[in-house]
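Trainee: predicted model, plus sequence, below.
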Amino acid sequence: MNDTNLVEKPFQLEFSSRVIEHLGIKLYQNKPTNVVAEFLSNSWDADATAVQIELKAHGADGTPSIVITDNGRGMTRSELTDEFLIIGRNRRSTPTEKTPAHRRPMGRKGIGKLAGFGIAQTIDIISSPHYKIRLNEENVAPTFYWLRFSLKDLVEKSNAALNGIYKPIVIADGVTLDELESLINSNANHTSYENFLVNARKGIGGVCISLSNTTLKKAFNIDALLTSLGRRFTVSMLRDDFIVKVNSKTIQPENALPPFHNFGFGDCKNLCIEKITIDGIERELRYWVKFVDIEGANWSIENAGVGIYTHGKIAQDRPFFFEIKGKEIHSRYIYGVIEADWLDELPSDVVSTDRRSIDWDTPETLIFHEWGSKKISCWIDDFRKWKSQQPKKVIIERIRKVSPQLNLTGSEEEALADLLNEVLPSLANDEEAKNRTTKSFKEAWTHAPTRLLTKNLWEKVFSSIDSNSGVFAELIENLRKSMVPEALGLAVTMAQRVAAITVMRKMIEEDKTETHLQRLIETFPWLLGPQWEKLIANQEIKTLVSKKHKPDESMGEWSMSDANIKLKPDFVFLSDAGAEKEFIVFELKGPEHGKTLQPEEYDQLGKYLQIIERIYTSKTITVKGVLVGHDKGGFREHDNRITVKTWNEVLLEARNLHVSYLKALLLASNPDENDARLQQILDFGGKETMELLKHFKPIAQFPDIISDNLNL
């Protein structure tokens, strides 16, 4: 059905010189996703409920082609001539104008029609007014209009005149469905219009855009386009009345969004709402923020940050972080969406033409920017706190795997994992770099001074504005290389200890020791294992139980005034040096044969722990017990605070750990062949220590200087 105009206006495109080049070719050149996005926003404004995007690797001309079909309002002849073919026409009469279906329009500048020329030499537009949604009438015969635009001809016109007028090729001007089908069937690209024909046969109007003779070097990646469109339009995957399909595949959150940690603020279907006041007017901000689970994800910092949307379409593209500084390590995780429809309703246009950035220097946007800077800083801080509380099982497994010859205590592994938890994510999926960094940290961690320096350095680096975990990892590697003098000095000490523990173990095996080991262990806790080296004997234990504690004997509590106190074995009470964070009670029974541990001794140790826990009630203080004797008894071990060991087990474990440390220190030291400390290690350690080294490490893995000087 033709419009009832007495004189039909010709189809002609009116434009100023070079406008096609600046607003079409250059703005969208080699940006197919942006091109599709522009036509998709037109479909939204046309009240379409379904959009089908067909990508073909080879069109009739041999190049990749794109066809976009919607079921929107379509365009009448007069709308084509008076609206569509006017470049730069203001799309809205008022900032808050809505479409007939009560949608907020995305289009504003009237130049999106030129986007196709960024990738295509030829653009075909077929339009049919959708009378079912226009007039709520189903008996109106459909009419079809088909225009073809050639970039070559457009450029020639723009070069020939100051103000160009371009007349597209008119293939159909108000034809019937049968005539349209005939035209399509005779076209080389007839399969491209199948979706439009299916709609037309059902009496459904709309628009079909065909981009052919493209400059694309390769075909679209369908999944990549699904992801890109899902991230550029909040409406494309969250509304039942706007379904977008790419080659029959619907855009869904699961294929448009990255994998997230189970932490965030709101989600894509349940947004948080806040309001800010600008010039006395309340402006609504809706948002959701999640943090990407980088492990195993194909994730780049270019996709991170916050996207700001107006009327469902991107206005500030990622990566964008409101210019926050000093949180770069965790900002790469963030993925947020902020909907600020009012930005597109301001009197001045603050969104760039390509819809990739916002003008943040206006009075209205400055206040918004201040809000965003504060919020994103809080979001990242909260994520950092959450992340630090997550299980560190994977990192601890990596710590054990990279240097199995180095043994750390459980608390040391936890502390080291805390540091690595800040560093490793910045290395993304580079497993080799993660292992290398973990190894450097672990080798540095085994040396107390270097460990303390590592921790202090990291705290300073992390709190600085220009924190960079890559630089920090390199610094740790240099520290590791420079710790040779410390490593050799500690190796001499380890050799002495291995020798001493070996002698003590032999004495116990031959029943040549007496029961006065308590004083020795109070002085040298490392005899029970290197992990206890940080402990010191607590001299207040003698008064702690007898004076500070007043047992309730009616509740069955054991008392120091008990008549059988003299029958109770001695014990050693130790706490961590410099702070009361950990108390270890060692209940020691002599190593002589026949002194089997009894259930009474196990229960008494439990009561010691109960007394101490009543005095030190802080949740940050741990209280543990270790019961040691010649042989374990047959009683049931029911208290998870208490570990029961034999003297043989204790000393064997202590010796093995010290040999492991000695081995690691030797490998880390890289000594000079004339270093006198090698001879000291041999002299102090003795023959048996050297034999243990051979047993713990294949000789071929030691440098020749070490193996030769130690006679390995």
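Mentor: Yep, that arrived.

Trainee: what's the burial count for Phe117?
Mentor: 27 (other Cβ atoms under 10 Å). For every residue, glycine as well, the C-beta is placed using N, CA and C.

Trainee: from Ala219, how far off is it?
Mentor: Per Cβ to Cβ, to the nearest Å, Phe117 is found 20 Å from Ala219.

Trainee: what of Ala46?
Mentor: Taken as Cβ to Cβ, the span from Ala46 to Ala219 is 28 Å.

Trainee: packing partners for the helix or strand harbouring Gln52?
Mentor: Assigned by DSSP states H and E, Gln52 falls within strand 50-56. Counting contacts by 3 or more Cβ pairs under 8 Å, 6 or more residues apart in numbering; DSSP states H and E, strand 50-56 packs against helix 32-45, strand 65-70, helix 222-232, strand 243-246.

Trainee: if you set the cut-off to 7 Å instead, what comes out?
Mentor: Packing partners of strand 50-56 (3 or more Cβ pairs under 7 Å, 6 or more residues apart in numbering; DSSP states H and E): helix 32-45, strand 65-70, strand 243-246.

Trainee: out of these, the one nearest Glu323 is which?
Mentor: The minimum distance between Glu323 and those falls on helix 32-45, with 24.3 Å, by Cβ to Cβ.

Trainee: chain center to that closest one, what's the gap?
Mentor: 30 Å (Cα atoms, centre = their mean, to the nearest Å).

Trainee: how about stretch 342-355?
Mentor: 31 Å.

Trainee: cool, and stretch 286-295?
Mentor: That offset, for stretch 286-295, works out to 8 Å (Cα atoms, centre = their mean).

Trainee: list the contacts of the helix or strand hosting Ile171.
Mentor: Using DSSP H and E, Ile171 maps to strand 169-175. Residues from elsewhere that reach strand 169-175 (Cβ atoms under 7 Å, 6 or more residues apart in numbering): 1-2, 11, 77, 143-148, 180, 183.

Trainee: rewinding a little: let me have the helices and strands packed on strand 50-56 in a markdown table, adding distance to Asp704 and mean neighbour count as columns.
Mentor: Formatted as a markdown table, those follow (distance: least, Cβ to Cβ, whole Å; neighbours: other Cβ atoms under 10 Å):
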| stretch | distance to Asp704 | mean neighbour count |
| --- | --- | --- |
| helix 32-45 | 60 | 24 |
| strand 65-70 | 67 | 26 |
| strand 243-246 | 64 | 20 |
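
Trainee: tell me which helix or strand comes right after the host helix or strand of Ile611.
Mentor: Assigned by DSSP H and E, Ile611 belongs to helix 599-615. Following helix 599-615 in sequence order, the next helix or strand is strand 622-629 (DSSP H and E).

Trainee: counting contacts, what elements does that following strand pack onto?
Mentor: Against strand 622-629 (3+ Cβ pairs under 7 Å, 6+ apart) you get strand 582-588, helix 599-615, strand 642-646.

Trainee: pull out the buried residues from the longest one.
Mentor: Of the residues in helix 599-615, those scored as buried under the neighbour-count criterion (16 or more other Cβ atoms under 10 Å) are 601-602, 604-606, 608-612.

Trainee: swap in the last one?
Mentor: Along strand 642-646, the positions that meet the burial threshold by neighbour count (16+ other Cβ under 10 Å) are 642, 644-646.

Trainee: what's the most distant pair in the residues you listed?
Mentor: Ile642 and Thr646 (14.5 Å).

Trainee: report the angle between the helix holding Ile611 and strand 622-629.
Mentor: If you take axes from the mean of the first three to the mean of the last three Cα atoms, to 10 degrees, helix 599-615 sits at 160 degrees to strand 622-629.

Trainee: okay, helix 599-615 in PDB with CA atoms only?
Mentor: Provided in PDB are the C-alpha atoms of helix 599-615 (Å, rounded to 0.1, in the frame of the first residue of the first chain):
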ATOM      1  CA  PRO A 599      45.300 -42.700  80.000                       C
ATOM      2  CA  GLU A 600      45.600 -40.800  83.300                       C
ATOM      3  CA  GLU A 601      48.500 -38.800  81.800                       C
ATOM      4  CA  TYR A 602      46.500 -38.100  78.600                       C
ATOM      5  CA  ASP A 603      43.500 -36.800  80.700                       C
ATOM      6  CA  GLN A 604      45.800 -34.700  82.900                       C
ATOM      7  CA  LEU A 605      47.200 -33.000  79.900                       C
ATOM      8  CA  GLY A 606      43.700 -32.200  78.700                       C
ATOM      9  CA  LYS A 607      43.000 -30.600  82.100                       C
ATOM     10  CA  TYR A 608      46.200 -28.400  81.700                       C
ATOM     11  CA  LEU A 609      44.800 -27.200  78.400                       C
ATOM     12  CA  GLN A 610      41.400 -26.500  80.000                       C
ATOM     13  CA  ILE A 611      43.000 -24.400  82.700                       C
ATOM     14  CA  ILE A 612      45.000 -22.300  80.200                       C
ATOM     15  CA  GLU A 613      42.000 -21.800  77.900                       C
ATOM     16  CA  ARG A 614      40.000 -20.500  80.900                       C
ATOM     17  CA  ILE A 615      42.700 -17.900  81.600                       C
END
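
Trainee: so how far is it from its chain's centroid?
Mentor: For helix 599-615, the distance to the chain centre is 46 Å (Cα atoms, centre = their mean).

Trainee: got it, and stretch 276-285?
Mentor: The answer for stretch 276-285 is 32 Å, by Cα atoms, centre = their mean.

Trainee: in its sheet, what does the longest strand belonging to the chain sit against?
Mentor: If you go by DSSP state E, the chain has its longest strand at strand 281-292. Here strand 281-292 is paired, per DSSP bridges, with strand 260-265 (antiparallel), strand 272-278 (antiparallel), strand 334-339 (antiparallel).

Trainee: ok, and what's touching the last one?
Mentor: Just to be clear, that refers to strand 334-339. 234, 258, 268, 285-292, 304-309, 379-380.

Trainee: repeat for the longest one
Mentor: Defining contact as Cβ under 7 Å, 6+ apart, one finds that strand 272-278 is touched by 265-266, 282-288, 364, 367-368, 371.

Trainee: now swap in the first one and tell me
Mentor: Contacts with strand 260-265, where a contact means Cβ under 7 Å, 6+ apart, come from 272, 288-293, 379, 383, 386.

Trainee: looking at those residues, which two lie furthest apart in space?
Mentor: It's Cys272 and Asp293 that sit farthest apart of the contacts of strand 260-265, by Cβ to Cβ, at 21.0 Å.

Trainee: isn't Ala50 right up against Thr69?
Mentor: No. Applying Cβ atoms under 7 Å as the test, Ala50 and Thr69 come out as separate, 8.7 Å apart.

Trainee: nearest spatial neighbour of Asn189, chain-adjacent residues omitted?
Mentor: Among residues not flanking Asn189 along the chain, Ala60 sits closest, at 4.7 Å (Cβ to Cβ, 6 or more residues apart in numbering).
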